[in-house]
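Student: My questions concern the predicted model and sequence given below.
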Amino acid sequence: MNVLEKIRSGITYVDGGAGTLLQSWGLEAGVSPETWNISNPDKIRQMHRLYLEAGANIITACTFGANRLKFDNLEEIITAAIINAKEACDGFDAYVALDIGPTGKMLEPLGDLPFEEAVSIFAETVRIGAAAGADLVLIETMNDSYETKAAVLAAKENCNLPVFVTNAYSDNGKLMTGADPAAMVTMLEGLGVDALGMNCSMGPRQMLEIAAETAKYASVPIIVNPNAGLPKVIDGKSVFDVDADEFSDIMCEIVSAGATIIGGCCGTTPEYIRKTVEKTKNLPFALPEKKNKTLVSSYTHAVEIGSAPVIIGERINPTGKKLFKEALRRNDLNYILNEGISQNKKGVSILDVNVGLPEIDEKSMLTSVVSSLQAVCDLPLQIDTVDYEAMAAAMRLYNGKALINSVNGKAESMAAVFPLIKKYGGCAIAVTLDENGIPETAEGRVAVAEKIIAEAEKYGIGKNEIIVDPLAMAVSSDMNSANVTLEAVRILNAKGIRTSLGVSNISFGLPSRADVNAVFYTMAMQCGLDCAIINPHSDEMMKAWHGFMALTGKDANCCDYIEFASNQTPAETKAATVTDTLDTAIIKGLKESAYSLACEMLKTVSPLEIIDTMIIPALNTVGKGFEAKTVYLPQLLMSAEAAGRAFDAVKAAMPAGESKKGRIIVATVKGDIHDIGKNIVKTLLENYGYEVIDLGKDVAPEAVVEAAKSSGAPLVGLSALMTTTVPAMEETIRLLRAELPECKVTVGGAVMTEEYAAMIGADNYSPDAMNTVRYAEEIFG
Amino acid sequence: MVEIISAEANEIEIKQSAVEEYLGYFGAKADENLLPLIDECKKEFLECVDYKACVSQVNCCEKDGKICLDFMQSESKSLKGNLKNCETAFVFAATTGVAVQRLIARNSLISPVKGMITDSIGSAAIEAFCDYINRKVGNVDYLRPRFSPGYGDLSLECQQALLDFVDAKKHIGLALTESRMLTPVKSVTAIIGLSKEKNKCKNKKGCMVCNRINCPYS
């Protein structure tokens, strides 16, 4: 019987804590237990045997911290660990797990460990462990969903062993980086793990609730390996507050809650496992039922499609959007990210991400947008592209289980998309067209949908992972098109197939499109539509959705509707007084007033005149106040933001190419993850009319030089917050001097001083943001 | 032995005056039209802050001119001065959590001034949480001023040893980047000397031992 057959045949027992036992045998604090595989193999084998005698079926080799960041002799340690465990198993019907714990580093974007670097670190451990003869991989104590994904991918790509995963939840029932059990189950089952659950960080009592929550979503066996309670200090020593009797009693409840693979973690000893085996071995054994839910997830939560209509925000898409296209060409991620954040505020549940333009590298753009969105927005994403390479790269990097837009009935499409979904997890929007085009009838579209579902099943992808889009077509060119689409939604819904629509196509060619869209959307929801890609900034659409939710009993006490309705009145918090002019509105920092006053002025005054007579003088007034210390930085920034809004209006009315005074590059140097100061400088420069190329934070010296070369910017601004990153700043300047001797460099940041700046060869030291503006004025004249 | 200390958002008082100081208003009132924005950012901050710390008590002594703690030895004169006559000390790592880092990033994108305010609230909050930890670990009358890696001549080199000693990544999700920055941001590591006598120590408080000449806080 292999380990997968074993876990399906009855309750399976995992061993308990190693540290407590080994320390009682002389392992000193600060010494890694992994080293004992070589220096004290007898004691390691003895520990394993004690757990096997207590009844464990799976023992974890002593490899928890074994990765190349911590050990130079990795192969020797892991191989010895697996051999020790294998030898201990002699005479027992048991399996050896290659134990993989966290790297100790934080992954990007929260930290600085790149995702692929994490995969590569785990991959090395997996290859050695598998070659040494491990029976399975146990990834445990992970408190970050992203690092968990990196480890699972490494295991799946580098061996054929079963993969079990347990996460360490905090007392709020979530991982340290935010994921709840539903999010973890969704992502991990998408990645195809064989069993999942939780370990460490809390005792069995606290884990009971998380186990029950996991059981609501999981279709694979659930693992629960708690600590021996919570640690307490008694007589200066650390002890856990749950003894073996109490532990094993609660483990019975945990089995009843749905766990079938159980053991212990910190503080548990062979006695805990022995008592747990005794008390639970005769309890009824039931594997989780297949849940067949349609779930996508982010790094914090899962969204279920099928219980109430789900809104997918459509705004991250260049189609028909001039500013968005420009942002893509300029690589202006901030613009794109703001589209995500503003839709999040409007109440969408999923964000569609489409960044396809013929002239850009879609793979690179899609991956950077997906990564960056994950730093600022916790909604699940819908990866929307026809470039399968870009799709694969984005799915790999995505921290969760994404919605994929789209697959269709063509053989080529299915052959490209389904293997990706099988590997990375994902739900697919399945568009009802194939080699024969789009069927004219509802039945024809349903037939294509069923063909796609049947093909997905060949890959092991369930019907629940496919969401069918029966295509909304312009009613202006075919008066029956809405009827056909709605009928298809009805039939699909009756067959238990999930549905989605890109709603706004229906009104193509008609006036007042939003009104038609909203009515069609309402009709489709009434036919059972599960999700729709819509513009959440359209009041008509949001009214339709909120109204539908309230009217169909999906909005308890109409609370959401009431809140929505009360927010409908325009919220101009800081209205300008009647006498305000554009310059005073900017000085006061009134964003919306500045915008409307600029629009008003444009009727009679030329754009350039507004800039020269209103915006710049107003900014100068505030800037001088700042320099004289009568105006503080936040006020200066508020004025800059108000000026920015006025610029928005002016720019729209100005012929292209007239707006910019000159190009400036700004960046926070390599190794530095703080960018508040740099962002402030950028805002001010932009509002003084400069074109700012923002390279972001943690930027390598080579990247700065490359950008300076390709843009021809004569001025570079560098920021560093800490002494540890000043050398990176110095290196950047050295490289700039070597390659672009004429390029000027100004530096700033918390640790910078005049002397420091001179020492590392900068042309200028900016003690504050205004100084950078003044220096730019000097350079550009 | 590591003890985990956590606090609810409402247990930690984030002083308005501290936030305004971080925004640059030293001895001045914040502009009137900034106040609603500060309130808005504070509300968002309170919804996502997750105060957590791991604390451990260590022995400390002087040997061969070095100050020795269980997890490190240092030649730092400033730390030696701070811990003079202390036989034990507390070391801790504390954080406001990853959601705060995400909130600062998000608000900076929406509006630089909101980003700056949220950042300042984060700074004020982690300081207030450190004060809370001080009160939790012992009688403040016997505690020396908090001392962090990077203060005075204590190098940031010891940061990793300190984090490993209290197992900060595992317990509170706090890690170090290659350039020794704490992530998530708005986190602190520190050493607090425990003196046997009621504190009459004349050590300057915390970062005041720093020699930076143009610091607005000095």
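Tutor: Good, I have the coordinates.

Student: Counting residues, what is the longest helix that the chain contains?
Tutor: If you meant another chain, say so; for now it's chain A. helix A:633-652 (DSSP state H).

Student: oops, chain B please
Tutor: helix B:112-137.

Student: I'd like the next helix or strand past that one.
Tutor: helix B:159-165 (DSSP states H and E).

Student: List the buried residues in that next one.
Tutor: B:159, B:160, B:161, B:162, B:163, B:165 (16 or more other C-beta atoms under 10 Å in any protein chain shown). All C-beta atoms are positioned from the backbone trio N, CA, C, and that covers glycine.

Student: List of residues touching that helix?
Tutor: Residues outside helix B:159-165 that contact it (C-beta atoms under 8 Å, 6 or more residues apart in numbering or on different chains) are A:104, B:56, B:58, B:70-72, B:91, B:93, B:149, B:169, B:174-176, B:180, B:182, B:189, B:191.

Student: So which of these sit within helices?
Tutor: residue B:169.

Student: Can you flag the buried ones in the contacts of helix B:159-165?
Tutor: For the contacts of helix B:159-165, buried by 16+ other C-beta under 10 Å: A:104, B:56, B:58, B:70-72, B:91, B:93, B:149, B:169, B:174-176, B:180, B:182, B:189, B:191.

Student: Where does the stretch 201-350 of chain A get nearest to chain B, which residue?
Tutor: Nearest to chain B in the stretch 201-350 of chain A, going by C-beta to the nearest C-beta, is residue A:238, at a distance of 4.0 Å.

Student: burial count for that residue?
Tutor: Other residues lying near residue A:238 total 15 when counted by other C-beta atoms under 10 Å in any protein chain shown.

Student: Sheet partners, orientation included, of the helix or strand where it lies?
Tutor: Per DSSP H and E, residue A:238 falls inside strand A:237-240. Counting by DSSP bridges, the strands paired with strand A:237-240 are strand A:231-234 (antiparallel).

Student: buried ones in the partner strand?
Tutor: residue A:231.

Student: Please enumerate residues in contact with that strand?
Tutor: A:238, A:239, A:240, A:241, A:266, A:267, B:1, B:2, B:3.

Student: Around chain B, pick out the residues from the stretch 51-200 of chain A.
Tutor: Contact residues (C-beta under 8 Å from any C-beta of the partner chain) of the stretch 51-200 of chain A with chain B: A:102, A:104-106, A:109-112, A:141, A:143-144, A:168, A:170-172, A:176-178, A:200.

Student: Quick check: strands, which of the residues you listed are part of them?
Tutor: residue A:141 (DSSP state E).

Student: Pull out the buried residues from the residues of the stretch 51-200 of chain A next to chain B.
Tutor: If we count by 16+ other C-beta under 10 Å, these have these buried: A:102, A:104-106, A:109-112, A:141, A:143-144, A:168, A:170, A:176-178, A:200.

Student: remind me which residues of chain B are low pLDDT?
Tutor: B:199-218 (pLDDT under 70).

Student: who's the residue nearest the centre of chain B bridged to?
Tutor: Chain B has residue B:188 as the residue nearest its centroid, 3.5 Å off, counting by C-alpha atoms, centre = their mean. Beta-bridge pairing of residue B:188 under DSSP bridges involves residue B:94.

Student: Correct me if wrong: it contacts residue B:128.
Tutor: No. Using C-beta atoms under 8 Å, residue B:188 is not in contact with residue B:128, being 11.0 Å away.

Student: Could you find the closest non-adjacent residue to whatever residue of the stretch 51-200 of chain A ends up closest to chain B?
Tutor: Among the residues of the stretch 51-200 of chain A, residue A:176 lies closest to chain B, at 3.3 Å counting by C-beta to the nearest C-beta. Leaving aside its chain neighbours, residue A:176 sits nearest to residue B:173 (3.3 Å; criterion: C-beta to C-beta, 6 or more residues apart in numbering or on different chains).

Student: for that neighbour, what are its contacts?
Tutor: Counting by C-beta under 8 Å, 6+ apart, residue B:173 has contacts A:106, A:143, A:144, A:176, A:177, B:52, B:95, B:97, B:98, B:184.

Student: in stretch A:108-124, what counts as buried?
Tutor: Quick answer for stretch A:108-124 (16+ other C-beta under 10 Å): A:108-113, A:115, A:117-119, A:121-124.

Student: Now go through the residues you listed and say which are in helices.
Tutor: Checked against DSSP H, those include these in helices: A:115, A:117, A:118, A:119, A:121, A:122, A:123, A:124.

Student: I'd like the residues you listed laid out as CSV, including distance to residue A:426 and pLDDT.
Tutor: Putting these into CSV (distance: C-beta to C-beta, whole Å; pLDDT from 0 to 100) gives the following:
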residue, distance to residue A:426, pLDDT
A:115, 17, 97
A:117, 24, 97
A:118, 21, 98
A:119, 18, 98
A:121, 25, 98
A:122, 22, 98
A:123, 22, 98
A:124, 27, 98
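
Student: Redo the contacts of strand A:231-234 as JSON lines? Include distance to residue A:533.
Tutor: As requested, the contacts of strand A:231-234 are exported to JSON lines (distance: C-beta to C-beta, whole Å):
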{"residue": "A:238", "distance to residue A:533": "54"}
{"residue": "A:239", "distance to residue A:533": "56"}
{"residue": "A:240", "distance to residue A:533": "51"}
{"residue": "A:241", "distance to residue A:533": "51"}
{"residue": "A:266", "distance to residue A:533": "47"}
{"residue": "A:267", "distance to residue A:533": "50"}
{"residue": "B:1", "distance to residue A:533": "54"}
{"residue": "B:2", "distance to residue A:533": "48"}
{"residue": "B:3", "distance to residue A:533": "50"}
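
Student: On the three-state scheme, residue A:717 is what?
Tutor: strand (DSSP: H, G, I helix; E, B strand; the rest coil).

Student: State the number of residues packed around it.
Tutor: Neighbours of residue A:717 (other C-beta under 10 Å): 28.

Student: What separation is there between it and chain B?
Tutor: 15 Å (C-beta to the nearest C-beta, to the nearest Å).

Student: I'd say residue B:137 and residue B:90 touch.
Tutor: Yes. Here residue B:137 reaches residue B:90: they are 4.9 Å apart, a contact under C-beta under 8 Å.

Student: Need the residues touching each of the two.
Tutor: B:55, B:143, B:192.

Student: top of the residues you listed by neighbour count?
Tutor: residue B:192 (26 neighbours).

Student: now what about the next helix or strand after the strand holding residue A:238, what contacts it?
Tutor: Downstream of strand A:237-240, the first helix or strand assigned by DSSP H and E is helix A:244-256. Helix A:244-256 is touched from outside by A:11, A:203-205, A:207-208, A:211, A:224, A:226, A:228-229, A:242, A:262, A:264, A:268-269, A:271-272, A:274-276, A:278-280, A:283, with contacts defined as C-beta under 8 Å, 6+ apart.

Student: before we move on, back to that, does the longest helix of chain A come close to chain B?
Tutor: Yes. Using C-beta under 8 Å from any C-beta, we find that helix A:633-652 touches chain B at A:633, A:634, A:635, A:637, A:638, A:640, A:641.

Student: Now render the shared contacts of residue B:137 and residue B:90 as TSV, adding distance to residue A:747.
Tutor: TSV is the format used below for the shared contacts of residue B:137 and residue B:90 (distance: C-beta to C-beta, whole Å):
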residue	distance to residue A:747
B:55	38
B:143	39
B:192	35
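
Student: and which of those is nearest to residue A:734?
Tutor: residue B:192 (40.9 Å; C-beta to C-beta).
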